[in-house]
Each structure stands twice: as structure tokens, then as C-alpha cells.
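J.: Got a sequence here, can you build the structure:
(one chain, ligands or ions: 1)
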Amino acid sequence: MQQAERAAGALLPEYHRATPECPHPERWHMYDSMTAEAEVLEFLRTLVTTTKPELVVETGSFLGVSTLWIAEGLRANGRGKIISCEFDPVVYAKAKEKVAVSGLAEWIELRNESSLEMVVPGTIDLLFSDSDMPIREAEVKRFLPQLNPYGLVLLHDASSHLKTVREAAQRMEAEGLLSCVFLPTPRGLVVAQKRAGRY
Ligand SMILES: C[S@@+](CC[C@H](N)C(=O)[O-])C[C@H]1O[C@@H](n2cnc3c(N)ncnc32)[C@H](O)[C@@H]1O
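T.: Model prediction:
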């Protein structure tokens, strides 16, 4: 959080080390090392305007930056809602402040709770999993029954260096739960769809 405050919204070169799938991470940008890469934030907004989700669920709001980019997409669509959870009460309070002054609050429901306990109503069209790396598999499995079979699951931090999430995605693919595409971004982004229920 201090790093984000020091950077004060300035775009910096991406921090993640080079990987075989992304040998030039310095070509990407970031606001801080917790918030998703700037290019990934743009991708999130575009994915929302492209697929027009009614319900987006995000795990791990941090300071609410990715939440706001997704909400911008919802505002452009003129419909939908994002429910985003942040476990840490201090971080949640900061995110809440940011959302309050963003002009996007009507599209956002921010919750101070764990992704492993959060209950959301109805069908999820887009799940952005960006909380604590070791629990990503559990949270995706938890929300999978509610996922629209034509919807999308995004798992951030799935680079070959940050092995935990990549291996979780590979396992869920091997179990027949997800079909995954591993985007070669600095920190890695899996774009997936659940296998059950697809035509
Ligand atoms: C990588 S940051 C999220 C970055 C944010 N999505 C963005 O791109 O702007 C991960 C956040 O998840 C939170 N977190 C960790 N475990 C969690 C859980 N079980 N439920 C909800 N949030 C959690 C952490 O406190 C941290 O703020």
C-alpha cells in the first residue's frame, strides 16, 4: 500500500522478472506491484465491453484499481454490477474511499470479506480471481457451480515464475473443470471457461 501511495498513480515499468513466456516484462507498465499490470487493466475493461457481463465477481480488491477499470466497462455498457471482496479491513477502507470519489460507485459493491466465505446471488458471468495465490484454486472451485458456462474465469499471477496459480489452473484443466489459455503477460493471466454446460 505504501508503494502505491509513493507512486501516486504514476505509470512505472513492470517489476516482474522475465520468464520464458514473457521475456521482456519491461515493455509492460504498472502502478504498483499489487495492482494488475496497466495493460491487464485495459484488457479487463475491454473484456467487459466485449462480453457485456451482468455480474462480475472479483476476489482481492486491494486499492480498488482493477475494480474501477471493470466498472468503467460496465458504465460503458450501461448495465451490470461488480461485486469485489477485500479481506483486509485497512485495505478495504482505502478501496472504499477510492470508489466513493470515482463516480463509478453505482456499478460497484465492495465487501470486506473473504472470497472463501463471500456469498453472491445468481449467475456469475465473469470471475476475476486476484486474491491470495495459495487459495485461488479453492475460490474458483467455490464459485464454479454459479459460473455461466458461456462466461469467463480469469486467474491473475499465473506466470511460470509465480508457479502456484499456474499449477492450480493446470490442475483444474486436468480435472476437466476448466479450459485454459495462458496469456504471456509479465505476471501471467489465465483466461478460462468452465467445461460443464458448454454447447
Ligand atoms: C494482488 S492484490 C489485488 C489487486 C487488485 N485486484 C488490482 O489489480 O487492483 C490481492 C489482494 O487480495 C487480498 N486478499 C487476500 N486473501 C483474500 C481473501 N481470501 N479474500 C479476499 N481478499 C483477499 C489481499 O489483502 C490483497 O489486497
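J.: residue contacts, residue 133?
T.: 157, 162, 164, 165 (C-beta atoms under 8 Å, 6 or more residues apart in numbering). For every residue, glycine as well, the C-beta is placed using N, CA and C.
J.: and the gap between the second one and residue 156?
T.: Counting by C-beta to C-beta, to the nearest Å, the separation of residue 162 from residue 156 is 9 Å.
J.: sorry, back to before: quick check: which of the contacts of residue 133 has the minimum pLDDT.
T.: Ranked by pLDDT, those bottom out at residue 162, which has 89.
J.: which residues do residue 162 and residue 156 both contact?
T.: By C-beta under 8 Å, 6+ apart, the residues touching both residue 162 and residue 156 are 187, 188.
J.: ok, is the helix or strand where residue 99 lies in contact with the ligand or not?
T.: Following DSSP states H and E, one finds residue 99 within helix 89-100. Yes - applying C-beta under 6 Å from any ligand atom, one finds helix 89-100 touching the ligand at residue 91.
J.: starting at the chain centroid, how far to that helix?
T.: Offset of helix 89-100 from its chain centre (C-alpha atoms, centre = their mean, to the nearest Å): 17 Å.
J.: Can I get that helix as CSV, trimmed to CA atoms?
T.: Output of helix 89-100 as CSV, limited to C-alpha atoms (Å, rounded to 0.1, in the frame of the first residue of the first chain):
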residue,chain,number,x,y,z
PRO,A,89,-10.1,-4.1,6.8
VAL,A,90,-7.5,-1.4,6.4
VAL,A,91,-7.0,-2.0,2.7
TYR,A,92,-10.8,-2.3,2.3
ALA,A,93,-11.3,1.1,3.9
LYS,A,94,-8.8,2.7,1.4
ALA,A,95,-10.6,1.0,-1.6
LYS,A,96,-13.9,2.2,-0.3
GLU,A,97,-12.6,5.8,-0.2
LYS,A,98,-11.3,5.5,-3.8
VAL,A,99,-14.6,4.1,-5.1
ALA,A,100,-16.6,6.8,-3.3
